[in-house]
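Undergrad: Show me the folded form of this:
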Amino acid sequence: MSSSPSYAVQDGLTGGEDAVVLKEASREPTFELSACPTLEGQTNKELTSEPLMVPPRTRDFGFIPIPENRRYHPERAFDFTLTLNIIFGFASTAAVANLYYCQPLLVEFARDFNVSEAAVSSIPTITQGGYATGLLLISPLGDLVRRRGLLLLVLSASTLVAMGMALSRNLVSVQVLSYFLGVASVTPQVLIPFAGDLAPPERRGRAISIVFSGLLLGIIFGRAIGGVIGDASGSWKNVYWIAVGLQGIALAVLWWILPDWPSKVEALRKTKEGELEQKRPTYFTILWTMVKLAVTEPILIQGCLINLMNQVVFSSFWVTLTFLLAGSPFNYSTLKIGLFGLVGALGVFTAPFVGHLIDGLVLWVGILIGVLCGLASQIVLVAGAGLNIAPIIIGCFGLDFALQLMQVSIAAKIYEIDPALRARLNAVFVISGFIGQVIGSALGSHIYLSAGWRANFGASAAFCGAMILVLLARGPHCERYTWFGWQGGGRLMKEKPGPAVDLEQEGEKRAS
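TA: Modelled structure (predicted):
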């Protein structure tokens with residue numbers, strides 16, 4: 001009998017007595033995929049020693065071969081390696097950049113189609129509207145179908161739509177395709193909860209942090225590099241051809257390396273007669289469950305409120321930064337303003353540190369540190385953002401670091417609610433952030449234009465204060481359905497897992 005540590009999802013699928021031993025090692029349910037996909041009754045995280053008897057698949061969609069070593073088999077486990085984690089991050093970068101390529105290219109659109117800038121100003125909004133549709137209708141499918149097939153499908157769709165953008169000849173086609181490009185660019189929101197499922201509990205924060213860093217890098221790449229490439233090459237279409245190439249590479253690599261993991265529906269427990277213990281969920285019950293989660297789960301609601309305000313602050317900063325740098329005393333050109341976005345890329349490289357920090361702390365503490373870092377960044381910006389470039393650089397880096405620390409900590413915390421609900425929990429969480437971005441863009445622009453940069457950053461500091469109040473309203477160790485108060489003491493660090501215990505050998509010793 002093996003007693004070596006292994007991954008939580010992996011353990012349950014290998015089955016046998018090893019799963020019992022590994023549960024003792026991790027002190028966390030090992031057969032996470034068996035969790036109930038509904039909200040009725042208990043969360044059904046109990047251990048099972050039965051291997052998951054799912055017929056092996058040899059082809060995706062019935063005609064694309066699955067590499068032999070990526071096919072699921074009850075007796076073979078998959079390792080969630082650092083390489084696979086980084087590939088998840090790269091795929092997130094390639095996909096999410098689709099949402100931001102258009103922002104620095106609006107002038108090019110207007111010139112190429114011989115229309116006014118007002119006529120093309122709706123393209124970013126249309127793209128974000130498509131993304132909201134994808135978040136609501138596509139990303140929850142991660143709790144219903146196999147993630148390998150879903151990821152290959154959405155990434156193929158976004159690649160084809162990006163190709164359509166590059167071939168577009170009129171404004172109407174660009175507007176229509178922009179919407180569908182947003183719909184199909186939800187790859188990161190399937191990958192992040194998938195990483196949470198595959199990673200071992202003690203490394204879940206690092207795994208999510210790497211994928212989330214890829215998402216942030218995609219935002220920066222789309223905004224900054226998209227404009228530079230369009231300007232240097234002389235055509236906005238070249239930006240979308242590059243998008244096609246990046247997504248094509250990501251698609252090929254994911255086809256080669258993604259494990260064909262059984263869906264959570266396939267992992268539903270069965271009775272001795274072979275019937276499902278619980279009703280198999282449908283697409284519409286999955287969507288309805290999201291509504292119930294949004295109003296019945298205190299952990300999720302607290303996280304969403306903090307995330308919404310966090311995105312208000314983040315979006316307000318980046319929208320008004322253009323006004324700030326274009327005016328006195330900086331007077332930067334559009335190209336310089338775009339390149340300034342690369343400062344935000346420095347925050348991406350803190351991912352290993354952020355993940356390691358989160359894996360050692362109680363997640364509530366990680367959120368608190370992130371909020372305090374964000375507040376400190378806003379204080380620096382209030383003090384001197386309109387006077388010197390140094391406070392802007394410090395504030396930009398601090399804000400990106402705080403965003404990453406908060407996002408990953410909150411995501412890891414809400415994923416603990418129920419492993420079978422992770423795709424739906426993530427969808428609700430990300431939608432709250434999307435709403436915050438919309439509010440931040442409008443509110444930040446209004447405050448900046450009416451009262452100036454200091455009032456704008458002061459308002460953001462006030463939002464950071466409100467985040468602290470929401471966080472303090474519910475302590476770090478409250479039970480799942482406790483809405484307000486403090487329970488379970490004030491422990492700040494996670495408990496280290498104990499050594500693996502071989503229950504069979506322990507029983508033999510006691511018997512003798």
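Undergrad: Can you name every helix or strand that the helix or strand hosting P188 contacts?
TA: In this structure, P188 sits in helix 187-198 according to DSSP states H and E. In this structure, helix 187-198 makes packing contacts with helix 8-14, helix 82-96, helix 147-167, helix 204-220, helix 389-415, helix 422-451, judged by 3 or more C-beta pairs under 8 Å, 6 or more residues apart in numbering; DSSP states H and E. C-beta: built from backbone N, CA, C; applies to glycine.
Undergrad: Go again with 7 Å.
TA: helix 82-96, helix 147-167, helix 204-220, helix 389-415, helix 422-451 (3 or more C-beta pairs under 7 Å, 6 or more residues apart in numbering; DSSP states H and E).
Undergrad: For F180, find the nearest of those helices.
TA: Checking those against F180 by C-beta to C-beta gives helix 147-167 as the closest, at 5.1 Å.
Undergrad: List of residues touching that closest one?
TA: If you take C-beta atoms under 7 Å, 6 or more residues apart in numbering as the criterion, helix 147-167 is touched by 60-61, 91, 95, 98, 138, 141-142, 174, 177, 180-181, 184-187, 190-191, 194, 237, 240-241, 243-244, 247-248, 250-251, 254-255, 258-261.
Undergrad: and if you look at stretch 433-453?
TA: Residues contacting stretch 433-453 (C-beta under 7 Å, 6+ apart): 132, 135, 307-316, 319-320, 323-324, 385-386, 455-456, 459.
Undergrad: Identify those among the residues you listed that sit within helices.
TA: Within the contacts of stretch 433-453, residues falling in helices by DSSP state H are 132, 135, 307-316, 319-320, 323-324, 455-456, 459.
Undergrad: Go ahead and build a PyMOL selection from the buried members of the residues you listed.
TA: Buried residues among the ones in helices among the contacts of stretch 433-453 (16 or more other C-beta atoms under 10 Å), as a PyMOL selection:
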select buried, resi 132+135+307+308+309+310+311+312+313+314+315+316+319+320+324+456+459
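Undergrad: of the helices and strands packed on helix 187-198, which approaches G347 most closely?
TA: helix 389-415 (2.8 Å).
Undergrad: could you say what helices and strands that closest one packs with?
TA: Using 3+ C-beta pairs under 7 Å, 6+ apart as the contact test, the elements touching helix 389-415 are helix 187-198, helix 204-220, helix 298-326, helix 345-348, helix 351-360, helix 363-384, helix 422-451.
Undergrad: between those helices, which gets the lowest average pLDDT?
TA: Ranked by mean pLDDT, the helices and strands packed on helix 389-415 end with helix 345-348 at the bottom, a mean of 72.
Undergrad: so Y179 is in which element?
TA: Using DSSP H and E, Y179 maps to helix 171-184.
Undergrad: what's next to that helix, contact-wise?
TA: The contact list for helix 171-184 (C-beta under 7 Å, 6+ apart) reads 98-99, 102, 109, 113, 115, 119-120, 122-123, 126-131, 133-134, 154, 157-158, 161-162, 164-165, 168.
Undergrad: If we use 6 Å, what do you get?
TA: 98, 113, 115, 123, 126-127, 130-131, 133-134, 154, 157-158, 161, 164-165, 168 (C-beta atoms under 6 Å, 6 or more residues apart in numbering).
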